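J.: give me the fold of what follows.
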Amino acid sequence: MLRLHTTLSLYIGRHFAMALLGTLAVILALVLMLDFVELLRRAAGRDAGADVLFGLSLMKLPTMAHQVLPFAVLVGGMIAMWRLSRSHELIIIRASGVSVWQFLAPMVLCAAVVGVFDVTAVNPLSSALYRSYEKRLDEVWMPARAGAFNLSESGMWLREPVTDGGQTVVHAGHVRQDGDVLHMRDLMFIMLDSNGVLYRRIDAGQGAMKDRAFILRDAWIMEPNHPGVRMDEVRLPTGMTLARVQENFASPETLSFWDLPGFIRFFETSGFSAQRHWMHLHGLLASPVLLCAMVIVAAVFSLDPDLRSGRGLSRILGAVGVGFVLYFFTRLSLALGLSSAVPLWLSAWTPTLVTLLLGTATLLHQEDG
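T.: This is a model prediction of the structure:
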């Protein structure tokens with residue numbers, strides 16, 4: 001079996017890289033336009049200029065790039081192979097004794113490098129931008145939530161509006177879930193009026209959140225120009241529930257690949273479920289393998305020995321169909337994993353492994369009968 005020359009490998013890899021970058025640029029331009037139009041629709045009647053909304057769309061774009069990257073690899077691979085076929089270069093390469101696996105090796109390697117770079121270098125930037133995107137979108141321009149929530153290794157922070165137009169800022173140094181009760185330690189409540197002026201502060205060593213109320217024990221109540229008052233128990237109503245606490249975890253997309261393991265350990269130590277974060281971590285680990293699999297799928301629909309067979313359109317539609325089937329299969333597998341119907345690692349890796357195995361089997365059948 002002939003060994004593929006380095007110069008030829010670089011030539012094929014360059015063709016693939018250029019096609020991939022061009023395809024990704026076109027797809028991201030369409031995504032940016034659609035997302036910008038959607039933000040304009042949601043911000044209708046609100047004090048948010050088009051320049052601000054366009055900036056928000058740009059913040060979200062790197063995260064969307066990770067999601068559309070497999071489809072871009074599929075289309076880019078097909079474009080690169082069709083170009084080589086139209087110029088008869090692919091025919092000459094194959095006639096010289098180069099097997100399809102040797103021919104695809106530079107593309108697979110390029111896809112793997114792109115996948116690793118996306119996970120290790122682009123992901124930290126995209127997660128930081130997406131975190132800013134969510135914060136600005138939810139707290140400033142879009143319909144306000146009942147309160148802003150954050151849970152991290154520094155503890156829990158909660159900002160909750162009250163009926164008189166003011167707000168209450170809550171901080172708990174340590175949080176732990178036990179059944180339907182959220183246990184907290186080192187609590188601080190800062191209560192502000194509608195003008196943002198502090199009118200009361202409550203400190204408590206221990207407390208719990210249950211039945212839509214904070215129950216504080218050994219609490220000190222302090223007000224301006226008044227001496228502090230100690231109370232054995234204080235009950236404060238809240239609109240926050242345990243379900244909302246779990247829903248308001250930092251979304252996996254806002255955490256970088258390098259920070260995810262530490263956050264997962266923290267959440268699970270606190271008694272919370274980190275299934276979404278585990279799924280996201282496994283998805284990131286599997287993404288370079290998925291990109292390699294998409295190169296093989298692209299070869300299935302592009303390496304036609306009869307270029308005049310008239311089946312070009314059907315092959316394009318078939319490749320697009322495979323992309324959409326993979327997307328829905330991934331969503332289904334994700335839902336099964338989050339519902340604990342199948343192990344998390346299996347639900348995250350199954351779409352990638354199935355795509356890789358089916359693509360390899362089909363290409364083997366085409367080449368070797």
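J.: all strands of the stretch 51-200 of the chain, in order?
T.: Secondary structure of the stretch 51-200 of the chain (DSSP state E, counting those that start in this stretch): strands at 148-152, 155-161, 167-178, 181-192, 198-210.
J.: export these to CSV and tack on distance to Ala293, mean pLDDT and mean neighbour count?
T.: In this view, the C-beta of every residue, glycine as well, is placed from N, C-alpha and C. Putting the strands of the stretch 51-200 of the chain into CSV (distance: least, CB to CB, whole Å; pLDDT from 0 to 100; neighbours: other CB atoms under 10 Å) gives the following:
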stretch, distance to Ala293, mean pLDDT, mean neighbour count
strand 148-152, 35, 62, 17
strand 155-161, 41, 78, 18
strand 167-178, 38, 82, 17
strand 181-192, 42, 88, 18
strand 198-210, 45, 90, 18
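J.: select, out of those, the one closest to Tyr133.
T.: strand 148-152 (14.8 Å; CB to CB).
J.: would you list the phi and psi of the residue nearest in space to the middle of the chain?
T.: Nearest to the geometric centre of the chain sits Glu253, at 3.7 Å (CA atoms, centre = their mean). The phi/psi pair for Glu253 (degrees, to the nearest 10) reads phi -70, psi -20.
J.: is it correct that it is in contact with Leu281?
T.: No: with contacts counted by CB atoms under 8 Å, Glu253 stays clear of Leu281, the gap being 11.8 Å.
J.: sorry, back to before: tally of neighbours for the residue nearest to the residue nearest to the centre of the chain when sequence neighbours are not counted?
T.: Among residues not flanking Glu253 along the chain, Tyr130 sits closest, at 5.0 Å (CB to CB, 6 or more residues apart in numbering). Counted with other CB atoms under 10 Å, the neighbours of Tyr130 add up to 22.
J.: contacting residues for Tyr130?
T.: 59-60, 62-63, 253-254 (CB atoms under 8 Å, 6 or more residues apart in numbering).
J.: for those residues, which one is nearest Ser87?
T.: Pro62 (34.2 Å).
J.: how close does the closest residue to the closest one other than its chain neighbours get to Pro224?
T.: Ranked by CB to CB, 6+ apart and with sequence neighbours excluded, the top spatial neighbour of Pro62 is Ser126, at 3.4 Å. To Pro224, Ser126 is 45 Å away according to CB to CB, to the nearest Å.
J.: just Phe36 next, same as before
T.: Separation of Phe36 from Pro224 (CB to CB): 47 Å.
J.: check Tyr130 too.
T.: Distance, Tyr130 to Pro224, by CB to CB: 40 Å.
J.: with Leu303 instead?
T.: Taking CB to CB, one finds Leu303 at 77 Å from Pro224.
J.: looking at those two, which one has more neighbours?
T.: Ranked by neighbour count (other CB under 10 Å), Leu303 and Pro224 place Leu303 first, with 20 against 9.
J.: name the SS class of that one, please.
T.: Secondary structure assignment for Leu303 (DSSP: H, G, I helix; E, B strand; the rest coil): coil.
J.: ditto for Arg230
T.: strand.
J.: help me confirm that it comes into contact with Leu216.
T.: No: the criterion here is CB under 8 Å, and Arg230 misses it with Leu216 at 11.4 Å.
J.: and those two? which has more neighbours close in?
T.: Legend: neighbour count by other CB under 10 Å for Arg230 and Leu216, higher for Leu216 (24 against 9).
J.: assumed the more buried one was part of a strand.
T.: Yes: under three-state DSSP, Leu216 falls within a strand.
J.: is it in a bridge, and if so with what?
T.: Going by DSSP bridges, Leu216 is paired in beta bridges with Gly207, Val234.
J.: if I look at it, how far off is Pro227?
T.: 19 Å.
J.: can you check the pLDDT for Tyr11?
T.: pLDDT for Tyr11: 89.
J.: check which helix or strand covers it.
T.: Assignment of secondary structure by DSSP states H and E places Tyr11 within helix 6-42.
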